[in-house]
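Peer 1: Sequence isn't available, so here's the structure alone:
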């Protein structure tokens, strides 16, 4: 090598070292995007030098720096967008933050990982907290939350809603008492939620369905709630309300525990609206207690209905109390079985079998099934077992109800689903379009998905994961354990 070559080599080595030295300055400073004039002269010199040199070392380092800067800026934008998402105080605000996330360079895998991990929770004071909300329909609701002693924000907690009785005697939304669970406290370390109903907003109203789901959402934004261990219990009118919620909005809850209640209260002409569907009880287990000496709902009246549902496939753990009256004096003996039932029945966020019936879009979803359009479809079933119908052989019920428990609206629809691997079998009655929400926890997106409806193949092909869909349902559900990567619309042609 000649003298000139050695000098040129040393010059390039010096230039490379100088560029590498100041590239670290760039990494630190350009994240804040300072103007070119803010750069030190020696850095500007290095940048100018890049224009006239073809040194492989310099160009490689430059590429690394620019790539690192791009990644750093992208990661910062994603972090910022997710911070807004976790800080959102409602699904609507979260949806706007989700749109911001979608405009970043976030990948599906990164978004999935972040959503599964969830937000970071802060320490909270234990004891009873009196709260209120205003549901999207504009009605103000009060409720009390008991935060467990020694609450640990790093741990997920079970939640029990306790619905009170005596709704008809309450004429306002104001809370009563101090909001403590009182003598009905269980043995588990859990949150207790005491909401309030009144004569114009009873438990069997769409307003209360919305209220309870709004409370669930708000709890998950402030406390580390176990999404798969939220249950609804109730006494008397509250028990009837538990039946009602189970038939209207099953998705957020693990089980329903009606105590001293009677489902046929919902058959009262002032309540019945043609949209009460006992078939929807098939989706979640129930723990039921009634007393033999109950002055309002004794076993002899309630028992036949409970047995009818059990015979039709509803999972009910029934504990009749022959000497029980319309009170909860049996609680000391039944507390442990009650709590054991709850512990043994966590929610499956992606059930492999489902049935859902509705009459309008406002209550048209069960987990990963959404009923979109109602009407007659080709090949639909006309023989789905219907818990609303009483067999003529059941004299204990057929004489009283005339063959049907509840009347029907003019247009209703039902879909029964069974998932096996990537194949979904659907049986429909009165539904012409529905949507399946697919999660990577249950479906292999590297393989085709097949949907068979009423014996006909209606879809067979690949389905792509979508960041937009993932974020849309994450904002709506606020649920770390129930995430969807794709929407698969199914239309049954006439």
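Peer 2: That came in fine, so what should we check first? Keep in mind the model is a prediction, meaning the values are calculated, not measured. Residues are numbered from 1 along each chain as shown.

Peer 1: Next one: residue 452 from residue 492, what distance?
Peer 2: Per CB to CB, to the nearest Å, residue 452 is found 12 Å from residue 492. Every C-beta, even on glycine, is put in place using the N, C-alpha and C of the backbone.

Peer 1: shared neighbours of these two, which are they?
Peer 2: Any residue near both residue 452 and residue 492 by CB atoms under 8 Å, 6 or more residues apart in numbering counts here, and that gives residue 458.

Peer 1: Compare those two (neighbour count), which wins?
Peer 2: residue 492 (21 against 16; other CB atoms under 10 Å).

Peer 1: isn't that one right next to residue 376, touching?
Peer 2: No: Residue 492 is beyond contact range of residue 376, at 9.3 Å (criterion: CB atoms under 8 Å).

Peer 1: element containing residue 273, please.
Peer 2: Per DSSP states H and E: residue 273 is located in neither a helix nor a strand.

Peer 1: wait, residue 288
Peer 2: Using DSSP H and E, residue 288 falls within strand 286-288.

Peer 1: from the chain's centre, how far out does that strand sit?
Peer 2: Mean-position distance between strand 286-288 and its chain equals 22 Å (CA atoms, centre = their mean, to the nearest Å).

Peer 1: which strands and helices sit next to it?
Peer 2: Judged by 3 or more CB pairs under 8 Å, 6 or more residues apart in numbering; DSSP states H and E, strand 286-288 is in contact with strand 255-259, strand 316-318, helix 331-344.

Peer 1: ok now the helix or strand following that strand, how far from the chain's centre?
Peer 2: The first helix or strand that comes after strand 286-288 along the chain, using DSSP H and E, is helix 299-311. Distance of helix 299-311 from the chain centroid (CA atoms, centre = their mean) equals 31 Å.

Peer 1: and the longest strand seen in the chain, which strands flank it?
Peer 2: In the chain, assigned by DSSP state E, the strand with the most residues is strand 225-235. Partners of strand 225-235 in the sheet, by DSSP bridges, are strand 157-163 (parallel), strand 255-259 (parallel).

Peer 1: hey, which of the ones you listed is tucked in deepest?
Peer 2: strand 255-259 (a mean of 27; mean count of other CB atoms under 10 Å).

Peer 1: Measure how it sits relative to helix 331-344, angle-wise.
Peer 2: 170 degrees (axes from the mean of the first three to the mean of the last three CA atoms, to 10 degrees).

Peer 1: circling back: need the strands paired with strand 225-235 in JSON lines (columns: distance to residue 382 and mean pLDDT).
Peer 2: As requested, the strands paired with strand 225-235 are exported to JSON lines (distance: least, CB to CB, whole Å; pLDDT from 0 to 100):
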{"stretch": "strand 157-163", "distance to residue 382": "37", "mean pLDDT": "98"}
{"stretch": "strand 255-259", "distance to residue 382": "30", "mean pLDDT": "98"}
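
Peer 1: I'd like to know which of those is closest to residue 473.
Peer 2: strand 157-163 (21.2 Å; CB to CB).

Peer 1: Return the distance of that closest one from the chain's centre.
Peer 2: Mean-position distance between strand 157-163 and its chain equals 16 Å (CA atoms, centre = their mean).

Peer 1: what does it rub up against?
Peer 2: 148, 151, 181, 184, 186, 188-195, 197, 203, 212, 215-216, 219, 223-226, 229-235, 237-239, 241-242, 342.

Peer 1: So what touches the following helix or strand past it?
Peer 2: Using DSSP H and E, the helix or strand that follows strand 157-163 towards the C-terminus is strand 190-195. With CB under 8 Å, 6+ apart as the test, strand 190-195 has contacts from 141-148, 157-164, 175, 179-181, 185, 208, 211-212, 215, 219, 223, 225.

Peer 1: which of those are buried?
Peer 2: Buried members of the contacts of strand 190-195, counted by 16 or more other CB atoms under 10 Å: 141-148, 157-164, 175, 179, 181, 208, 211-212, 215, 219, 223, 225.

Peer 1: Outline the domain layout of this protein.
Peer 2: 3-76, 127-344, 353-491 (automatic domain parsing).

Peer 1: which stretch among those domains comes nearest residue 93?
Peer 2: domain 353-491 (8.7 Å).

Peer 1: low-scoring stretches of the stretch 51-200 of the chain, by residue?
Peer 2: Low-confidence regions of the stretch 51-200 of the chain, defined by pLDDT under 70, span residues 51-74.

Peer 1: The same query, at a cut-off of 90, please.
Peer 2: Applying pLDDT under 90 to the stretch 51-200 of the chain flags the ranges 51-77, 135-137, 168, 176-177, 187-188.

Peer 1: Am I right that residue 124 is in contact with residue 224?
Peer 2: No: at 9.3 Å, residue 124 does not count as touching residue 224 under the criterion of CB under 8 Å.

Peer 1: Overlap of the contact sets of those two?
Peer 2: By CB under 8 Å, 6+ apart, the residues touching both residue 124 and residue 224 are residue 153.

Peer 1: More neighbours: which of the two?
Peer 2: The neighbour count for residue 124 versus residue 224, taken as other CB under 10 Å, is higher for residue 224 (21 against 16).

Peer 1: The residue nearest to that one when sequence neighbours are not counted: what's it in contact with?
Peer 2: Distances taken as CB to CB, 6 or more residues apart in numbering put residue 121 closest to residue 224, at 4.6 Å, once the chain neighbours are dropped. Residue 121 sits next to 153-154, 222-224 when contact means CB under 8 Å, 6+ apart.

Peer 1: How about residue 435?
Peer 2: Taking CB under 8 Å, 6+ apart, one finds 369-370, 372, 487-490 in contact with residue 435.

Peer 1: Kindly indicate the member of these with the most neighbours.
Peer 2: Counting by other CB under 10 Å, top hit in these: residue 369 with 21 neighbours.

Peer 1: my guess is that residue meets residue 419, correct?
Peer 2: No: with contact defined as CB under 8 Å, residue 369 does not count as touching residue 419 (10.2 Å).

Peer 1: could you redo the helices and strands packed on strand 286-288 as JSON lines and give each row distance to residue 289?
Peer 2: What follows is the helices and strands packed on strand 286-288, written out as JSON lines (distance: least, CB to CB, whole Å):
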{"stretch": "strand 255-259", "distance to residue 289": "5"}
{"stretch": "strand 316-318", "distance to residue 289": "8"}
{"stretch": "helix 331-344", "distance to residue 289": "6"}
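
Peer 1: Let me know which of the ones you listed is tucked in deepest.
Peer 2: strand 255-259 (a mean of 27).

Peer 1: angle of it against helix 299-311?
Peer 2: Using the same axes, to 10 degrees: strand 255-259 against helix 299-311 is 160 degrees.

Peer 1: So which residues make contact with strand 255-259?
Peer 2: Contacts of strand 255-259 (CB under 8 Å, 6+ apart): 231-236, 238-240, 242-243, 245-246, 284-289, 328, 338, 341-342, 345, 347.

Peer 1: My understanding was that residue 451 contacts residue 443; is that so?
Peer 2: No: judged on CB under 8 Å, residue 451 makes no contact with residue 443 at a distance of 11.3 Å.

Peer 1: between the two, which one's more packed in?
Peer 2: When neighbours are counted by other CB under 10 Å, residue 451 and residue 443 differ, and residue 443 comes out ahead with 24 against 21.

Peer 1: Contacts only, for the more buried one.
Peer 2: So residue 443 contacts 422, 449, 463 (CB under 8 Å, 6+ apart).

Peer 1: Make TSV from those and add distance to residue 84, secondary structure and neighbour count to it.
Peer 2: Converted to TSV, these look like this (distance: CB to CB, whole Å; DSSP: H, G, I helix; E, B strand; the rest coil; neighbours: other CB atoms under 10 Å):
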residue	distance to residue 84	secondary structure	neighbour count
422	35	coil	18
449	33	strand	20
463	29	coil	19
